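# Fold the following.
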Amino acid sequence: MKFEKTAFDKESSASCSLLYTDHGVINTPVFMPVGTLGTVKAVYHRDLKDDIGAEIILGNTYHLYLRPGTGTIRQAGGLHKFSSWDRPLLTDSGGYQVFSLAENRKLTNEGCTFRSHIDGSTHLFTPENVVDIQREIGADIIMALDECPPGDSDHTYARKSLKLTQQWMERGILHFDNTQPLYGYNQSLFPIVQGCVYPDLRKEAAEHAVALDREGYAIGGLSVGEPVEIMYEILEVLDPLLPKDKPRYLMGVGTPANILEGISRGIDMFDCVMPTRNARNGMLFTSEGIINIRNRKWKDDFSLLDINGTSFVDITYTKAYLRHLFISGEILGAQIASEHNLAFYIWLTKQAANHIRQGDFTPWKREIVKKLESKL
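Take a look at the predicted model:
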């Protein structure tokens, strides 16, 4: 994997880059739609590529391991072929899902024993077999096994958790370096920087991760209940510690404003379920603010979903029509809203890149953030 910086903002840590993988080039900053089970909910891959402009999507190790199972994925030739997605893929470690979804989980130095949320069966994730699972899934970028502590963890627990994550990380990387990809293309493994809300632990985690000298670094354990100001403070702590010539991936974040603030603090890659999950409940993100399309005020509003024209599939859809679909319980409503929100997120990161290149990213960000968080 190759990472090439192409532009810098003079007033912040924002930058533009090209990230080269064997399945294509990714322009950063980039938003990555979440395809937990090998699908971005309610969205065709054709639309993801041609209309929404997604350059990379995510798969989830925990969910794909449980269903359909890595045996099926391997028989298909990897997730790219199984899902008919020919652009880059990233998979997380499964750690967050183990700790948020699984019942009766037990953490030891060996790994994490947990019960499936599907049928209650018992499973073990270790740093080594999580690498093997992601080898079978075949994502271009994979994550080391980590524990994601709650945002309100005390310092004692957060330190204990970090030590365990660091031990797992070293083992996972050793195993990764002693194994080979299964499908004839390269894979890269990112360590995950944890440490909860504590700057001293985040600093220790970053220094440990950088010493492992990988091709990129993920930042986990943010946007898990801590105040947003704390998240920004942690990103500012990490900014000078992580290499600027390697990609930085902020996991599971977030709102449009969160993404712009993350870009200004040196983040290159983002993912979040919010665009599609909120869309299915009738929430639309636009350049002028947030719309609850179920509200009565949109019943006779025949204006387009976003007057600034994000590249969703058909710009002739109006607010009134989309409200009608939601009120009527039509599935098409969730699909249109999902595609709109994803297109908006990707439009927003591309706009950020344009303003970084033009040299006015910081004043542009300052003005648009005010709009993004308002409710229309």
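
# Worst mean pLDDT across the helices and strands of this protein, which element?
Per-element confidence for the chain was summarised using mean pLDDT, DSSP states H and E. The lowest value among helices and strands belongs to helix 95-101, with a mean of 80.

# What are the contacting residues of whichever helix or strand comes after that one?
Scanning the chain past helix 95-101 towards its C-terminal end, the next helix or strand to appear is strand 103-107 (assignment: DSSP states H and E). Contacting residues not belonging to strand 103-107 are listed as 98-99, 112-115, 117, 120, 147, 164 [C-beta atoms under 8 Å, 6 or more residues apart in numbering]. For every residue, glycine as well, the C-beta is placed using N, CA and C.

# for strand 103-107, what is the average pLDDT?
Looking at strand 103-107 alone, the average pLDDT works out to 84.

# Show me which positions of that strand end up buried.
Neighbour counts using 16 or more other C-beta atoms under 10 Å place 105, 107 of strand 103-107 among the buried residues.

# Run the chain-centre distance for it.
25 Å (C-alpha atoms, centre = their mean, to the nearest Å).

# all strands for the stretch 201-350 of the chain, in order.
Secondary structure of the stretch 201-350 of the chain (DSSP state E, counting those that start in this stretch): strands located at 217-219, 248-250, 269-271, 283-286, 289-292.

# Including mean pLDDT, distance to Ala257 and mean neighbour count, could the ones you listed go into JSON lines?
Compiled in JSON lines, those are given as follows (pLDDT from 0 to 100; distance: least, C-beta to C-beta, whole Å; neighbours: other C-beta atoms under 10 Å):
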{"stretch": "strand 217-219", "mean pLDDT": "98", "distance to Ala257": "18", "mean neighbour count": "25"}
{"stretch": "strand 248-250", "mean pLDDT": "98", "distance to Ala257": "14", "mean neighbour count": "26"}
{"stretch": "strand 269-271", "mean pLDDT": "98", "distance to Ala257": "12", "mean neighbour count": "24"}
{"stretch": "strand 283-286", "mean pLDDT": "96", "distance to Ala257": "10", "mean neighbour count": "22"}
{"stretch": "strand 289-292", "mean pLDDT": "96", "distance to Ala257": "10", "mean neighbour count": "18"}
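
# for this structure, what spans make up the helices?
Listed from the start of the chain, the chain has helices (DSSP state H) covering 45-47, 61-66, 70-76, 79-83, 95-101, 127-137, 155-177, 199-211, 228-238, 256-264, 274-280, 319-328, 331-358, 361-372.

# Just the residues contacting the shortest one, thanks.
Applying C-beta under 8 Å, 6+ apart, the external contacts of helix 45-47 come out as 83-85, 313, 339.

# Would you confirm that Glu233 contacts Leu222?
No: using C-beta atoms under 8 Å, Glu233 is not in contact with Leu222, being 10.3 Å away.

# What's the local residue count around Asn186?
Neighbours of Asn186 under the rule other C-beta atoms under 10 Å: 12.

# should've said Arg277
When neighbours are counted by other C-beta under 10 Å, Arg277 comes out with 14.

# wait, what's in contact with it?
Contact partners of Arg277, counting by C-beta under 8 Å, 6+ apart, are absent.

# what's the neighbour count on Pro243?
Residue crowding around Pro243 was assessed by other C-beta under 10 Å; the count is 14.

# So for it, what's the nearest residue that isn't a sequence neighbour?
Computed as C-beta to C-beta, 6 or more residues apart in numbering, the closest residue to Pro243 that is not its neighbour in sequence is Val210, at 6.5 Å.

# my guess is the one you found meets Pro240, correct?
No: using C-beta under 8 Å, Val210 is not in contact with Pro240; the gap is 11.3 Å.

# Compare these two and say which is more crowded by neighbours.
In this view Val210 and Pro240 are compared by other C-beta under 10 Å, and Val210 has more residues nearby, 16 against 11.

# From Phe190, how far off is that one?
According to C-beta to C-beta, to the nearest Å, Val210 stands 12 Å off from Phe190.

# list the residues that contact both of these two?
Tyr217.

# could the strands of the stretch 201-350 of the chain go into TSV alongside distance to Leu124?
TSV is the format used below for those (distance: least, C-beta to C-beta, whole Å):
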stretch	distance to Leu124
strand 217-219	23
strand 248-250	26
strand 269-271	26
strand 283-286	38
strand 289-292	42
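
# wait, Arg214 sits on Ile192?
No: no contact is recorded between Arg214 and Ile192 when judged using C-beta under 8 Å, the distance being 10.6 Å.

# Who has more neighbours out of those two?
Neighbour totals were compared for Arg214 and Ile192, and Ile192 leads with 26 against 20 (other C-beta under 10 Å).

# Now do the contacts for that one.
With contacts taken as C-beta under 8 Å, 6+ apart, Ile192 has the following neighbours: 93, 95, 143-144, 146, 165, 169, 209, 217-220, 251.
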